[in-house]
Each structure stands twice: as structure tokens, then as C-alpha cells.
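Enquirer: here's my sequence, what's the structure:
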Amino acid sequence: MFQKRPLRRTQLISPWGIGQMINFPGDESLMVCGLDAWESTYQDAPDHYTEFIFHEERLEKRLHVSEFRFPPDYRESGIGVQNPHLKIPCVRFPQWHYCPKCGFMKKLSLYGSRCRCEGPNYPGLSCHSTKPNKRSFLIPVRFIAICEKGHIEDFPFMEWVHKGGTCDNDCQLRLQSGRSSSSLAGIKITCTCGAYRTLAGAFNKDSLESISKRCGGYRPWLGEIDDKAKSCGEPLRVVQRGASNVYFSEIRSSIYLPRWEKTVHRKIIEVLDNNWDVLVRNRINGQLNRIVFETIADLKGVDCEELLAVAEKRLNETSTDGSPIEDSEELYRTSEYEAIIAELGGDNQDFFVTNKKSIEYGDIVQRFFKSISLIHKLRETRALVGFSRWRPEDGRSLQAKRADLALSNSIRWLPAIIVRGEGLFFEFRTDKLDEWLENADTLKRAEKQIENFNNARIRRGQTIRRLNPRFILIHSHYALI
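Expert: The predicted structure is shown next:
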């Protein structure tokens, strides 16, 4: 039976992207499926899914994709409503569930519905005498296991209880919480074969090594569990399913940089941005197809000649600009910095900046800042490119993380959102910045901060980072507000 479980689009990029569990009201935990399942949702859209597609040219080139797509939003049927009843595909995870009253445990299917307690006749608290339709719904267990390569699986309760041994297939587990249920020692798992064990020590680093349990390479969001999973062999870490280190979204973002002159009418810009692929794909012998332009101009109510002229100018600029999109984050952001300083764009575009020289402000501003830019309009695209578990930096390449989003290699798009905003951009005077960076007190304070930072990384098993006062300054910008 379909149930509403509302989410905002932005939440499906972060914090609840592909491969993450979402805890819904009523003790229900679902995991967001991979892009293969999303593709099926888009293909099932009754009015076609083109409304969810958008482009950000710079970011597409950098990530080697052909387009971005908004997560589909659920809409009730109604007059004029396009693409109603589209849903984000999820699987049920963790699979192990238990009855909050009697402790009956059952491993549910990834694709199954919620179910009620089966009411075994336990001594003491039991649901046996309760009518089946009045019994409690099973709820997900609190504990799961993850590995540093992004895999995730259920806590191995059977193996834990039997200390790595086996049990008959018809054995039944039960979760019992004592008075000290807040501690792991107060949670006891019993089996109908007579074996039992508390969860004391389950969170120790090598707890699952003691029962010869290592990562099985499970990717339940892609349907890869049990015999469908590719063995991994990495050590497993036991965590609570709501812990902050279960999932770290990997996001790549890009600020929209104007491609059109300030004098171009906003309506022309919107038509070109929304139909650019169609307009340039149908060229004849390298020339823009006038018939296509006339058709779109007529449909959108704009002047065909103006549409053609602006498009041709853009194509000429693109063909003469042979510079590749750099993978370096510094070089990529330099383009955005230069656009801000140059006051590109205008009120008719999604990028509008005006610069104020420091001389227009008081003495303290003039002493430390070269200019202050007022960002009236800005559009940022944020795309989900992968995720990590246990720690944000897991050492895997972006390509390896991308491979965890889908099984199919033919998917050439990524889920993304557009964020619009405004703000201020402060440009320091380089002479004052260099003077501060060479100050002995500055270096001493920074040295202590960097030492504390790297000591914390070492305790977490991470490599140290070579930082400097400039890095600390840029990450303390909020103090200026």
C-alpha cells in the first residue's frame, strides 16, 4: 500500500542522497536507490521527464556528463498537473526488524512492506494472545555495519549469537532489552537453539573480526546483497544507523557564469538556455538551422533574428575558446573569481555583480580590503557525485564513488539542484595579507591550531594535512559578518 513519505528535493542531494537511510516517522527506515531505479521513474513519467532536465555547461564538462536532473517531486493528480505520482525509489534497510513489545526478530526483504509481529509464544512479554491485526509493527534494529569503501550491511546477529558458528535455518532470534538497555550489555539476543549473547563489545574496532566476519561488498541501494554482491573483504565497523559517519555526501558545485551580453533581453536568454541542445544539435553543414530557430522563436514568442544572432555569437566564442575545463579546484574557482571582479552578467541574467572600491568605505576597510563586491543575483548548481562512509575522505577516486551511484554505464546524468542567492565578496589587499601571514604571532597561533587539527586526524586514522594561516583565514570568513 502506497504511503506518503514527504522529502524536499534538496534533501535528496544532501543529507539523504543515494545510498543513505532515511528515518521516517513511525519507526520506518528506507534507503534511497541508485540511478538505475531513478531512470525507471523518469521513463514512467506520463508527460515525459524533460521538465526535470537542466544544464550547467561548465560542470557538465568537468564531470563528463550530458545533463543534470532535478529529483522528481511527488504531485497529486489534478487539472493541468504534469507528471503526477512520481516517487523516489527506495529499499527497506536495515533488513533486520524486531517487535518493540516481545522482541521477535525477522529479516525482511529489501523490497517488502512493513509487517506485524508474528506472535511467537514467548514466556513473559508475548504477542501470542494478541489478535494478528492488533500486534505491533516490526521496527528496524539500531545497529548496522559499514566499511570504508562505501559498503553497508546488516549487523550479523546470527553469527554474533553463535560466535561465528552456524544454526539450523528454522532458528528464530529474539531481542531482549534489560533495565540497562541504554548500554550494549543490556541488549541480549537469544536464539531458539539456546544460544544467546549480549551486544557488549559490538562497537569495538575488531569485534566482527572475532567471528570471522568481513565486508561482503553489499550495496543494497543497487540491489546487491547476498549472492549478488561482489566480495570486498575490508574490515567492518559497527555503527548506529543514525550515526553521522554512516554517510557523507560528495557534492560538486558550480556558479553560473554569464554567456550572454548584458544588453540581451532576458526572454532571449531563457529560450537559449532552455533549448540550447536542440538549437545547436540540428545544424546543417555547421550552420544553425533557421527552420528550427523559427519554430522555437514562434513557440516562445521571441524574435527569430535576435535569437539567431545571439546564438551565432555564442557559438563563435565557444569555437575560439579551446581551453579545456580544468580539474583543479583552484583553477575552476578562479574563473568564478574573475567573473565577480569583472562584474560580468547583469540584471537580465542569473549572475549580477557590482563592485565597490574600498575608498568608498571607512578607513578600516580601506586598510585591509581592495574591493567589496555586491552579489545581487547568483545561481549555483550542486550535483551529487558520490558518497563515503566512516570518514569524509576515504581515499577513493571520484570515478570509484561515481560507480556506486548506478550499475549501468549508460547513465550519463547526475542528480542535482539549483540554488539561487545573493551575498558579499571581500577582496583583501595582498600587501596587508602578506604582512599578516609573515607576522610571528600569526604563525605561532596557526601552528598550535594546525597541530591540534592533525592530532585529531591521527586519532581517527587519517593522514595529516599541511595547512597554513591562509587556509585558516579563508575558513574563518564568517567572523567578518
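Enquirer: what about residue 168, how many neighbours?
Expert: Neighbour count for residue 168, taken as other CB atoms under 10 Å: 9. Using the backbone N, CA and C atoms, a C-beta is placed for each residue, glycine as well.
Enquirer: isn't it right next to residue 193, touching?
Expert: Yes: the pair residue 168 and residue 193 passes the contact test of CB atoms under 8 Å, sitting 6.8 Å apart.
Enquirer: I'd like the next helix or strand past the longest strand belonging to the chain.
Expert: Secondary structure of the chain read by DSSP state E shows that its longest strand is strand 369-388. Next in sequence after strand 369-388, counting helices and strands by DSSP states H and E, comes helix 398-402.
Enquirer: select the longest helix from this structure.
Expert: Of all segments of type helix in the chain, defined using DSSP state H, the longest is helix 440-459.
Enquirer: contact partners of that helix?
Expert: Contacts with helix 440-459, where a contact means CB atoms under 8 Å, 6 or more residues apart in numbering, come from 436-437, 463-465, 467-469, 472.
Enquirer: kindly recompute the last result at 10 Å.
Expert: Identification of contacts with helix 440-459 by CB atoms under 10 Å, 6 or more residues apart in numbering yields 391, 393, 435-437, 439, 462-473.
Enquirer: quick one: average pLDDT of it?
Expert: Here helix 440-459 scores 93 as its mean pLDDT.
Enquirer: tell me which residues of the next helix or strand after that helix come out buried.
Expert: Next along the chain after helix 440-459, taking DSSP H and E as the criterion, comes helix 469-474. In terms of neighbour count (16 or more other CB atoms under 10 Å), helix 469-474 has its buried residues at 469, 473.
Enquirer: stretch 330-347 now?
Expert: 332, 336, 339-340, 344-346.
Enquirer: got the CA positions of it in PDB?
Expert: The C-alpha trace of stretch 330-347 is given here as PDB (Å, rounded to 0.1, in the frame of the first residue of the first chain):
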ATOM      1  CA  GLU A 330      41.700  26.200  -7.700                       C
ATOM      2  CA  LEU A 331      41.600  26.800 -11.400                       C
ATOM      3  CA  TYR A 332      37.900  26.100 -11.600                       C
ATOM      4  CA  ARG A 333      37.100  28.600  -8.900                       C
ATOM      5  CA  THR A 334      39.500  31.200 -10.400                       C
ATOM      6  CA  SER A 335      37.000  31.500 -13.300                       C
ATOM      7  CA  GLU A 336      34.300  32.400 -10.800                       C
ATOM      8  CA  TYR A 337      36.500  34.800  -9.000                       C
ATOM      9  CA  GLU A 338      37.400  36.600 -12.300                       C
ATOM     10  CA  ALA A 339      33.700  36.800 -13.200                       C
ATOM     11  CA  ILE A 340      32.900  38.500  -9.900                       C
ATOM     12  CA  ILE A 341      35.800  41.000 -10.200                       C
ATOM     13  CA  ALA A 342      34.900  41.800 -13.800                       C
ATOM     14  CA  GLU A 343      31.300  42.400 -13.000                       C
ATOM     15  CA  LEU A 344      30.000  40.100 -15.700                       C
ATOM     16  CA  GLY A 345      26.300  39.500 -16.300                       C
ATOM     17  CA  GLY A 346      23.500  41.800 -15.400                       C
ATOM     18  CA  ASP A 347      20.000  42.100 -14.000                       C
END
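Enquirer: neighbouring contacts of that stretch?
Expert: 58-59, 62, 252-264, 266, 269, 323, 325-326, 328, 351-355, 370-371, 373-380, 425, 427.
Enquirer: just checking the distance from stretch 148-157 to the centre of its chain.
Expert: With CA atoms, centre = their mean, to the nearest Å as the basis, stretch 148-157 stands 19 Å off its chain's centre.
Enquirer: typo on my end, it should be stretch 199-206
Expert: On CA atoms, centre = their mean, the centre of stretch 199-206 falls 29 Å from the chain's centre.
Enquirer: any weak-confidence spans in this structure?
Expert: Low-confidence segments of the chain (pLDDT under 70): 1-4, 179-182, 260-262, 317-327, 481.
Enquirer: for the host helix or strand of residue 305, name the packing helices and strands.
Expert: Using DSSP H and E, residue 305 sits within helix 304-320. Secondary-structure packing of helix 304-320 (3 or more CB pairs under 10 Å, 6 or more residues apart in numbering; DSSP states H and E): helix 266-281, helix 290-300.
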